[in-house]
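Chemist: Kindly return the folded structure for what I paste below:
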Amino acid sequence: MAANQQFRKYIDDQVNGCITLEKLGNGPSNIFKLLLDHKDKETGESMEFKELSDKAVILIIAVSDTTGMALTRLFFYLARYHACYKMLQQEIRSQFTDVEGIVSRPKLLGCKYMCACVDKALYMSPGVPGFLTYKAPEGAFIN
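Modeler: Residues are numbered from 1 along each chain as shown. Purely as a prediction, here's the structure:
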């Protein structure tokens, strides 16, 4: 029970932080912003704090599961393909000088090989049942 209360407190703190940032005009453009901006079609009212907090719980659980599965797949393939691991290691170490710098979204998105590794791991082992089609970018050659 204490763990559940601690988790709910964490969620409420995150929701309060998002609301505060949004009021200051510094809120990030993400899925939670869509929830903050949402107006009920019938009443025109925004979501109350409790509803926002409940939606945040669902989002965090869903994203955690998806992220965990994506990382598991990525690490599986990197462990099997040492050359790919070495290339990724070189890219990350050249982009970041210490672990604290890894939170920079623009720098992370600048790691093209890392993004390609994540995309390929998700393509090779999608988190959804069934078969996903893959469309090569124009000019690319698939052997």
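
Chemist: can you tell me the helix or strand for Tyr123?
Modeler: Using DSSP states H and E, Tyr123 sits in helix 112-124.

Chemist: Who are the packing partners of that helix?
Modeler: Secondary-structure packing of helix 112-124 (3 or more CB pairs under 8 Å, 6 or more residues apart in numbering; DSSP states H and E): helix 49-80, helix 82-95. In this view, the C-beta of every residue, glycine as well, is placed from N, C-alpha and C.

Chemist: List the buried residues of the last one.
Modeler: By neighbour count with 16 or more other CB atoms under 10 Å, helix 82-95 contains the buried residues 84, 87-88, 91, 95.

Chemist: same deal with stretch 25-32?
Modeler: Here stretch 25-32 shows 27, 32 as buried, counting by 16+ other CB under 10 Å.

Chemist: Where does Glu42 sit, in terms of helix or strand?
Modeler: Applying DSSP H and E, one finds Glu42 in no helix or strand.

Chemist: okay, it: pLDDT?
Modeler: Per-residue confidence at Glu42 stands at 89 (pLDDT).

Chemist: For it, the count of nearby residues, please.
Modeler: 6 (other CB atoms under 10 Å).

Chemist: Distance check, it against Leu74.
Modeler: The spacing between Glu42 and Leu74, counted by CB to CB, to the nearest Å, is 44 Å.

Chemist: What of Met124?
Modeler: Distance, Met124 to Leu74, by CB to CB: 10 Å.

Chemist: If you count surrounding residues, which of those two has more?
Modeler: Remark: of Met124 and Leu74, Leu74 carries more neighbours, 20 against 13, as counted by other CB under 10 Å.
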